[in-house]
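Q: Below are the sequence and a predicted model for it; my questions follow.
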Amino acid sequence: MSTTTLHTSTDRFSLVRRWILLDAAFAGVMALVMTLGAGALAELFGLSPAFVRTVGLILVPYAIALTYLWPRVEQYRSLVWVVIAGNLLWAVASAALLLTSWIDPTGAGIAFILTQAIIVAGFADMQFIGLRRTA
């Protein structure tokens with residue numbers, strides 16, 4: 001493979017790679033904040049500390065997996081589709097959670113849940129656009 005071919009091939013995946021990395025960073029920060037700050041966030045958001053901490057802990061392996069995938073998206077293109085589907089599912093489930101009686105969040109809690117759902121849906125959208133551009 002020539003240098004030009006490798007460079008062109010790598011450039012094709014730069015957009016999806018960028019959004020996988022941003023997703024990993026966001027998930028990592030959220031995991032850290034929610035796990036270590038579960039008590040304070042729970043009070044602010046009107047959620048149980050166990051719920052906030054559990055969501056934070058769920059994000060730890062996700063952030064690690066995305067960090068592993070980030071430089072390898074070309075090799076594991078099918079896993080990017082899994083990430084996109086997972087992000088869409090997370091966003092929909094987050095919004096749907098507000099329609100249940102399982103939680104009774106404060107206004108700040110509702111805003112937080114909706115904001116992170118929108119951000120995660122945005123990651124899915126940009127990852128989808130990036131992956132489609134590689135075709």
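A: Looks like it arrived, so ask away.
Q: For Val82, which residues are in contact?
A: With C-beta atoms under 8 Å, 6 or more residues apart in numbering as the criterion, no residue contacts Val82. Where C-beta positions appear, they are placed from N, C-alpha and C, glycine not excepted.
Q: Please identify which helix or strand holds it.
A: Applying DSSP states H and E as the criterion places Val82 in helix 77-97.
Q: and that helix, which residues are buried?
A: 79-80, 83-84, 87-88, 90-91, 94 (16 or more other C-beta atoms under 10 Å).
Q: what's the answer for stretch 36-49, then?
A: Neighbour-count burial for stretch 36-49 flags 38, 41-42, 45, 47 (criterion: 16+ other C-beta under 10 Å).
Q: Centre of the chain to it, how far?
A: Relative to its chain's centre, stretch 36-49 lies at 20 Å (C-alpha atoms, centre = their mean, to the nearest Å).
Q: next one: stretch 83-101
A: How far stretch 83-101 lies from its chain's middle: 11 Å, per C-alpha atoms, centre = their mean.
Q: what's the answer for stretch 44-53, then?
A: Put simply, stretch 44-53 sits 19 Å off its chain's centre (C-alpha atoms, centre = their mean).
Q: Show the end-to-end separation of it, please.
A: Terminal residues of stretch 44-53 lie 14 Å apart, using C-alpha to C-alpha, to the nearest Å.
Q: average pLDDT across the longest helix anywhere in the chain?
A: Counting by DSSP state H, the longest helix found in the chain is helix 107-133. When pLDDT is averaged along helix 107-133, the result is 97.
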